[in-house]
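# the sequence and its predicted three-dimensional model are supplied below.
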Amino acid sequence: RHANSVEEIRWFEATSAYAFHIANAWEEGSKVRLIGCPTAHFSFDYAKSSPSRLYEWVFDLETGLTTERELDRTWSEFPVVHPRWLGSRNRYIFAARFTGGSPPFASIDGCLKYDVETGATVHHSFLDGRWGGECVFVPRDGSVEEDDGYLLTYTYNPKDFTTELYVLDARSLSPEPIAILRTPQRVPFGFHGLWLPRSEMS
């Protein structure tokens with residue numbers, strides 16, 4: 001970020017992989033930490049892709065070396081953090097949990113919460129065979145803690161072919177969602193959402 005020309009860009013070597021999405025990155029002294037969900041082989045035929053998992057790269061600006069490690073063994077993607085912590089050290093990462101590509105394009109059966117400090121992972125499975133998508137983190141009004149908020153995603157209910165807004169407590173990731181709200185019409189599977197409070201829309 002301090003480079004004034006192409007020649008000043010720093011390059012680091014790491015294990016070959018492909019990553020669609022990054023959770024967060026921050027500086028710690030002379031090191032840069034980056035967390036994302038890489039995969040060794042990607043295909044839009046998801047069943048042919050290798051698993052994507054939460055992964056950390058640490059780039060040492062003094063030595064030029066890279067340290068890397070897998071953080072969790074769960075097949076996951078679409079990692080998100082509290083938007084207030086983007087670009088700074090954070091503790092919690094939320095991600096969509098994949099079944100492994102079966103059935104294709106409907107393979108997200110839950111979500112997870114990963115604790116960067118302890119390495120612990122908490123899972124939530126969508127109720128009654130629902131399929132979901134990427135979660136959006138919504139801070140609770142007046143919150144100060146990083147995980148004090150909600151996770152929102154659209155789910156598809158195969159029992160009655162409807163779409164619902166699925167709301168979870170981000171702190172506990174309780175097996176019981178806070179609310180499941182049916183939408184007026186079917187919403188196709190998708191990803192990448194953004195929560196805007198009413199105060200920011202006026």
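Perfect, I can see it now.
# contacts only, for the residue positioned nearest the centre of the chain.
The centroid of the chain falls nearest to residue 79 when counting by C-alpha atoms, centre = their mean (1.2 Å). Counting by C-beta atoms under 8 Å, 6 or more residues apart in numbering, residue 79 touches 21, 22, 23, 35, 36, 37, 54, 93, 94, 95. The C-beta positions use only the backbone N, C-alpha and C, and glycine is treated the same way.
# where's residue 127 relative to residue 45, distance?
Distance from residue 127 to residue 45, counting by C-beta to C-beta, to the nearest Å: 28 Å.
# who's more crowded, these two?
A direct count of neighbours by other C-beta atoms under 10 Å for residue 127 and residue 45 places residue 127 higher, at 15 against 9.
# what about the closest residue to the more buried one other than its chain neighbours, how many neighbours?
Excluding the flanking residues, the one nearest residue 127 by C-beta to C-beta, 6 or more residues apart in numbering is residue 177, at 7.0 Å. By the measure other C-beta under 10 Å, the count of residues near residue 177 is 20.
# how about residue 17?
17.
# can you list the low-confidence ranges for the protein?
In the predicted model of the chain, residues 46-47, 101-106 satisfy pLDDT under 70.
# would you map the strands across the protein?
Using DSSP state E, the strands of the chain run over residues 18-28, 31-39, 55-60, 66-70, 76-80, 92-98, 108-115, 121-125, 136-139, 149-157, 162-169, 179-182.
# for these, which one sits closest to residue 86?
Among the strands of the chain, the nearest to residue 86 by C-beta to C-beta is strand 18-28 (6.2 Å).
# distance from that closest one to the middle of the chain?
10 Å (C-alpha atoms, centre = their mean, to the nearest Å).
# so which elements touch it?
strand 31-39, strand 76-80, strand 92-98 (3 or more C-beta pairs under 8 Å, 6 or more residues apart in numbering; DSSP states H and E).
# any chance of those in TSV, plus distance to residue 114?
Shown next, in TSV, are the helices and strands packed on strand 18-28 (distance: least, C-beta to C-beta, whole Å):
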stretch	distance to residue 114
strand 31-39	9
strand 76-80	8
strand 92-98	5
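# out of those strands, flag the one nearest residue 10.
Among the helices and strands packed on strand 18-28, strand 31-39 sits nearest to residue 10 (C-beta to C-beta), with 9.4 Å.
# just the C-alphas of that closest one, formatted as PDB.
Output of strand 31-39 as PDB, limited to C-alpha atoms (Å, rounded to 0.1, in the frame of the first residue of the first chain):
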ATOM      1  CA  LYS A  31       3.500  -8.800   9.600                       C
ATOM      2  CA  VAL A  32       0.300  -8.900   7.600                       C
ATOM      3  CA  ARG A  33      -2.300 -11.500   8.400                       C
ATOM      4  CA  LEU A  34      -4.800 -12.600   5.800                       C
ATOM      5  CA  ILE A  35      -7.700 -15.000   6.300                       C
ATOM      6  CA  GLY A  36      -9.800 -16.500   3.500                       C
ATOM      7  CA  CYS A  37     -11.200 -19.700   2.000                       C
ATOM      8  CA  PRO A  38      -8.800 -21.000  -0.700                       C
ATOM      9  CA  THR A  39      -9.300 -24.200  -2.700                       C
END
